[in-house]
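K.L.:
The following block contains a protein sequence and its predicted model.
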Protein chains: 4
Amino acid sequence: MTIRAAVAGASGYAGGELLRLLVGHPEVEIGALTAGGNAGTLLGDHHPNLQPLADRVLTETTADELRGHDVVFLALPHGHSAAIAAELGEAVVIDCGADHRLNDPTDWARWYGGEHPGTWPYGIPELPGGRERLSSAMRIAVPGCFPTVSSLALVPALGAGLVEPDAVVVAVTGTSGAGRSLKPHLLSAEVMGSASAYGVGGAHRHTPELVQNLSAAAGAPVKVSFTPVLAPMPRGILATCSAPLRDGVDEAALRAVYAQAYADESFVRMLPEGQWPQTSATLGANTVHLQLAVDADAARLVVIGAEDNLTKGTAGGAVQCMNLATGLPEATGLPTAGVAP
Amino acid sequence: MTIRAAVAGASGYAGGELLRLLVGHPEVEIGALTAGGNAGTLLGDHHPNLQPLADRVLTETTADELRGHDVVFLALPHGHSAAIAAELGEAVVIDCGADHRLNDPTDWARWYGGEHPGTWPYGIPELPGGRERLSSAMRIAVPGCFPTVSSLALVPALGAGLVEPDAVVVAVTGTSGAGRSLKPHLLSAEVMGSASAYGVGGAHRHTPELVQNLSAAAGAPVKVSFTPVLAPMPRGILATCSAPLRDGVDEAALRAVYAQAYADESFVRMLPEGQWPQTSATLGANTVHLQLAVDADAARLVVIGAEDNLTKGTAGGAVQCMNLATGLPEATGLPTAGVAP
Amino acid sequence: MTIRAAVAGASGYAGGELLRLLVGHPEVEIGALTAGGNAGTLLGDHHPNLQPLADRVLTETTADELRGHDVVFLALPHGHSAAIAAELGEAVVIDCGADHRLNDPTDWARWYGGEHPGTWPYGIPELPGGRERLSSAMRIAVPGCFPTVSSLALVPALGAGLVEPDAVVVAVTGTSGAGRSLKPHLLSAEVMGSASAYGVGGAHRHTPELVQNLSAAAGAPVKVSFTPVLAPMPRGILATCSAPLRDGVDEAALRAVYAQAYADESFVRMLPEGQWPQTSATLGANTVHLQLAVDADAARLVVIGAEDNLTKGTAGGAVQCMNLATGLPEATGLPTAGVAP
Amino acid sequence: MTIRAAVAGASGYAGGELLRLLVGHPEVEIGALTAGGNAGTLLGDHHPNLQPLADRVLTETTADELRGHDVVFLALPHGHSAAIAAELGEAVVIDCGADHRLNDPTDWARWYGGEHPGTWPYGIPELPGGRERLSSAMRIAVPGCFPTVSSLALVPALGAGLVEPDAVVVAVTGTSGAGRSLKPHLLSAEVMGSASAYGVGGAHRHTPELVQNLSAAAGAPVKVSFTPVLAPMPRGILATCSAPLRDGVDEAALRAVYAQAYADESFVRMLPEGQWPQTSATLGANTVHLQLAVDADAARLVVIGAEDNLTKGTAGGAVQCMNLATGLPEATGLPTAGVAP
C-alpha cells in the first residue's frame, strides 16, 4: 500500500518535521510540497537537513495543488485550513494547526476571534476513546504540543478520580515551538543562557485545549493554571504537572492507574521508578516519557512528562493519526529511539 | 574603611563568584583563599576568569588560615561550618552553605541528618525584619538560591493574606547551582538541548527552607509543592510561583502590595506591566526581577521571578549581607546591571 | 537476511548511537550488549533514549559474550580490541576505537605508546579505493570523527594536485566527541556559553590519521596543522579546511573535481553554491555536507565540512561499513535526513 | 572629573554593552541615549538588564541631541558616523562602527562601496604606537571584534619576524556579533546545537582591517585567510590563528616575544603554559587571553585568543579608548574578572 501525501506549509518547522518522518515512512510517497511566501523556492533552502528532498520546488498553497493526494497535511497559520479542506473532499486531511481542536465555539471566539471553523476528531490516540475517533477518520485535528504531553500526564489520575480537578502545569519548552517567526525575543543571542515565561496567567492559547482534555477525563470542569517557559534548547517540552491528591490516595494506587493506562502503548512510557524524564531522550522520537511522585507534605501528585514538541507534539502525532486513519499499523515509520546525547 | 575578607571553598562556583564580586568591591581587601582537595594549587587553575587573582595559592581550609580576617565567607559542603565558625569568634562569619538556615532541629534531622548545627540570622534583607536581623550580625546564614527568588516572589501576597497558604513553585535553573560535581547527568553533552526535573515531590533540600520563609510571612503553615527543573544554561533561575487567590482579590490589590513591598529596594524590581522576567537580564547582577499575573479562570496568582543563582542567589546576597553586617551602605560593590545578551 | 550484531561498550556514547541505528536497521537483530564497569546494569539507565532496549541487561565485555554473532562492534578504550578480536575469528569485527587505523607502527608508538596492534581496512568508503578495501572485509577500523569529515573535505583537491600539500584544519566540535568522561572541563556549566581549543599544535591523536589520509591522496607527505575547538553543543563537527592553491587553479576546476568525486555518493553532499554547511543539518544522519570557496587574496582553497561526530563520524560510518562487509546495500538502515532545527 | 557621555544607537547590542560599562564607570555621567526606529521607547524595553537606566527614554539620533557632551559614542550602521561627527566638533567622538577603520579608500570602496568617510586613530592601545595615537585623540575608530583578538594574537610574532606573512585565522563567535538583526539563520532554534561558517573565502568585511593591522606589524603585505564560524553561544570569540614558522624559530623565542609584548598590559594576558583560553573566562570583561603552541610537524605557530566580542571586542575597547583620550587612567571602570561559569 502506498499513500500519496502532500504537505502544505512545508517551509516551516512543523512542515520540515513532517517531511523528515515521511521520508523514512515505508508506505508513503511524497507528493506536493506547498508554501505561502516561500512558493517558488527550493525545499533545501529552508531545510538543509532534508537532503533527499532538497531539490524539490515549493508550489503555492492552493486546493488545486493539494488535490489528488490520499493524505494532506496542513501546517498553516490558524484560520486557513477549513476553506482548503472543504475542497479536498476525498482526502484524509490532517490539520497541524489550531482550527479544529476546540469543541466550544465560545472558546474559539474568546481565544482566536471570529467564527469557529468547526471541530474535527482530536488526534491523541492514547486518550480514552482516541483510537475509536481516529480510525478511518477523514479529518483530524492534531493537538497542540503542550496539551499532548500535559494531557497524557494528568488524564489517568483525573480519570480515576484520584486528584482534585485543579491542575497546575508549568511547561519548559524549546524555541522551535514558536515557529520560524522573526521576533527579537527568539533571536539566539537573547535566548541562549536565558529562561523566560510567557503567556502567563492563562493567556496561552493552548490553555482552553488543555482544559477541554482534562475536563473530559475528569467528567467535570477542571481548573488549569498553565505557564509555558522558554528555555535555551531547540526542541523539547518538559511539563511539570500537579494537582491536589484526594483523601486517602497513595502512590501505589496512582502507579497502578498509570501502569494500566499506558501498558499497551508504543509511544507513552512510564519510566522505571527513580528515573526522571529528560527531553533529550525523546529528541526526534514519537514518544512521551512520564514519571510521577507523591508529595505528602504538599498533598499533591506531581507528574513530569517529556516529549519532542515537533515530533510527538506535532508531526509525529500527525503521522500516527495518518496511520490510524488509513488502516496502517499505528507505529509504522515512527521512531521510538531518541537522538541523544 | 577596609575590610579584610577570607573565602573558604574558593575553588568552587560559589567561591569563585564571591571573589569576582570582592575583586570589584571598593572596601574589601582579599585575604586568605582556602580549599579542601585543591589546596596547594593556583586559583587561576580553577577560575581562569579571575585573572587579577590567578596567581594566588589556595591554602588548606583550617581555622588558623581563616583567623584574623574581618569577614570570613564559608562556601563549604554542609556540616563543616559550625566547627570552623566556633574558632573565629571575632570575625563576621557568612555561611553560604545550608547549615544554619533552618530553625527547626527536626527539619534538619529529616533533610540533612545528624545534629542541628544551630540557626543563624537569615540572609534575605528584603524579607520582613530582614535588615534588623542582619545589621551588625556576627553570623549570617546565606539562603539557598531557590528560596531567595521564590520567597521574594510570594511573601508579599502571603503576608497580606491575598492568597491561600498553598503554593506551587516550579523553578528552572542553570546547572552551576549543582556545583562543580563530576556527575554524569551534569556532563555538557547530556545537559545541552535537554530539560529534566529532579528532587520531584518535595525531595529537594530547599523545600523546608522555602516552607519556613513562606509560613513566617503568612503567619501560618504554608503547603509548598516545589519542583526544580534543570535547563541548558550555566546560570539563572526562573521561578514560576503560584497560589490560589482568596475571594475578592483582584490584580490591582496585588500590584499595590508588591509595589509597596519593593518600592525602596535596590535589588528587587517589579518590572513594568507587560514585561516578563528573563534570567539573562540578571546575569552577574545582584538582582531579582518580578512580574505577576492573575489567572481568573484558574483563580490563581502567578508570580514569575528571575535571578542569577550564583549572584543574588548566593554570592551577591552574601556580599549584601556583609555590607549590612559591617555598616557599609547595603549596595556597595554590587552590580545591578546584568550582562546581556 | 538477518545479521546478528553485538555491541561491546554499549553504555558509552558511541555504543548508544550504534544501538540507535541498529534498532532501526531492517536486517539486524541485536544480540549481546556488553560493558566494563557498567556490566550488570540496564541499558536504559545509561541511554534513556533507547526505550526499545531499555530493559536489556549489560553483560561483561568478554570474548565469550561476543562470540557467535555475525558482526561485533567494539566501542572500547584504545588498546583493548586486538585481543578480543583475536578470539572472534568468524565474525566481522568493526572497531570504533583507534587501535587499527594507523599504518605506521612508529606513529602508533609516538601517539599511543606501546606495541602497534596492527592495521585493519580503513572505514571511509568514499575515499579512493575505500569500497574495495571494505567489501567482504572481516576486520574494519572505523575512522576518527575529525579525520572523516576533514579527509572528505580535502582529498579531492589534494588528489587532483590542485593545492599544495600543506593543510590547516580547525574543527569545531560538540562535546559528545570526548565521550562520557567525568572531567571538569566537560561539565555543562563550564561548556555552555564558552568555546575553547585543546590539543593545539598538533597534539590531538587524530592528527597522524589525518596526515595519513591526506598524504595517501596527494601521493606525497602532507603537512597538517590541526586544531580542535570545543563548542557548546552536544554533537556535530564543523571543519574549516584550507590549503594554498597551486598556480593557475580556479574555482571552476575545483568545483568540477569535487562534483565528480561525490556525484554518486549517498552520504557526501556538495551543497549548492551559496549554501554553507551547518552541523544541525546532519544531526543524527549519516551525512557529510561540503562547500568550498576560493580566496584569491590569500591564495587558498577553503572547504567547510559538517557531520554528526557520533553518526557519520562514528556509529553511522561503522554501520555503513557493516553493510559493505556483509554484502547489504551500502545505505541500508542509515538516515540521510538530519533532525533539525 | 566627570565626563558627560552620550550613546547613539543605544537600543542595539553594542549600545547596551556600552551602557552596562558606563553605568559602572566612576567618572561618567550618562547623557543622551538615542536610537533610530526605536526613538520614543524606553531603554528598559530593549535592555531589561539595564535596570538603573530602564526608565530613560530614547530620543532620535541627531547631532542636536548628541551635541553638548564631552564624549559621544556612535553605535550606528555603517555610513552614518561621518556626517554626525562633523557637527560635534568639540566632543571626543568614538565610532564603534566600521566607517573610519580602513586607511585605504580603495579598500573601503571594495568592501563597503561608496566614498571613503576618512580614517580616524585606530582603537587598539596595545598595538605598537597605539597609545600615542589615542592619547588626546578627538576622533577614534573602535576596531572590529575579530581584528581585535586576532591582531593581538599575531602581531608580536609578525612584528618580530618569527613567522611568514601568510596567516590563517578561524574564529568561532557567539551570535551577538551579528547584532540584533531579524534574520532566519540567527533564530535560536537554528543556532542552538549547530555550528556554521559564513563569509568564507575572505568575504567577511573584517578581512581588510585584519590585513591592515598584520601588514603594519610585519612591515610588508601579509596574506590572511579569515573564516568566521558561528557557534551556539551569545557572546565570545575564540580565534585560532596560525602562520608558518621562519627557519630556526623555536618556542622559547616566541614565548619571550609575547611575554615582552604584553608584560605591562592590564587587559591582554598570556596564560600560563598549559592553560588554554576559553571565552567564558572573558565574559563581560575587557580582556584578551592568549596562549601559543609550536607545531613542529606542520612547521607552524598556532596562537589561540579569546575575548568577549561585545566587551574588549567593542564596547570595553571603546571605553578604554575614552579613558585614554580624556586623560583618565586607562583601566578606569573596566572589569578584568569575567563572569564564569
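P.N.:
Right, received. Where do you want to start?

K.L.:
if I look at the residue lying farthest from the centre of chain A, how far off is chain B?
P.N.:
No residue in chain A sits farther from the centre than residue A:248, which is 33.7 Å out by CA atoms, centre = their mean. To chain B, residue A:248 is 18 Å away according to CB to the nearest CB, to the nearest Å. For glycine as for every other residue, the C-beta is placed from the backbone atoms N, C-alpha and C.

K.L.:
Pull up the residues of the stretch 101-250 of chain A that are close to chain C.
P.N.:
Taking CB under 8 Å from any CB of the partner chain as the measure of proximity, the stretch 101-250 of chain A contacts chain C at A:176, A:192, A:193, A:234, A:235.

K.L.:
tell me the strands in chain A, going along the chain?
P.N.:
Applying DSSP state E to chain A gives strands spanning A:3-8, A:28-35, A:59-60, A:71-74, A:92-95, A:139-141, A:166-173, A:196-197, A:223-230, A:237-244, A:268-270, A:288-295, A:300-307.

K.L.:
nearest to residue D:57, of these?
P.N.:
Residue D:57 lies closest, by CB to CB, to one member of the strands of chain A: strand A:196-197, at 24.3 Å.

K.L.:
And chain B, is the closest one touching that?
P.N.:
Yes - judged by CB under 8 Å from any CB, strand A:196-197 and chain B are in contact via A:196, A:197.

K.L.:
In CSV: the residues of the stretch 101-250 of chain A next to chain C, plus neighbour count, pLDDT and distance to residue A:289.
P.N.:
Formatted as CSV, these follow (neighbours: other CB atoms under 10 Å in any protein chain shown; pLDDT from 0 to 100; distance: CB to CB, whole Å):
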residue, neighbour count, pLDDT, distance to residue A:289
A:176, 30, 97, 19
A:192, 27, 97, 25
A:193, 29, 95, 26
A:234, 30, 98, 18
A:235, 32, 98, 14
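
K.L.:
Pick out whichever of the residues you listed sits closest to chain B.
P.N.:
Closest approach to chain B among these (CB to the nearest CB): residue A:193, at 4.9 Å.

K.L.:
buried residues in stretch A:167-185?
P.N.:
Residues A:167-180 are the ones in stretch A:167-185 that count as buried (16 or more other CB atoms under 10 Å in any protein chain shown).

K.L.:
Reformat those residues as TSV; add distance to residue A:151.
P.N.:
Below are the buried residues of stretch A:167-185 laid out as TSV (distance: CB to CB, whole Å):
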residue	distance to residue A:151
A:167	10
A:168	15
A:169	10
A:170	15
A:171	12
A:172	17
A:173	16
A:174	19
A:175	22
A:176	20
A:177	16
A:178	21
A:179	22
A:180	26
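
K.L.:
Tell me the one of these nearest residue C:96?
P.N.:
Relative to residue C:96, the closest of the buried residues of stretch A:167-185 is residue A:174; by CB to CB it sits at 30.1 Å.

K.L.:
got the contact list for the closest one?
P.N.:
For residue A:174, the contact set (CB atoms under 8 Å, 6 or more residues apart in numbering or on different chains) comprises A:231, A:233, A:234, A:235, A:236, A:237, A:279, A:309, B:193, D:189, D:192.
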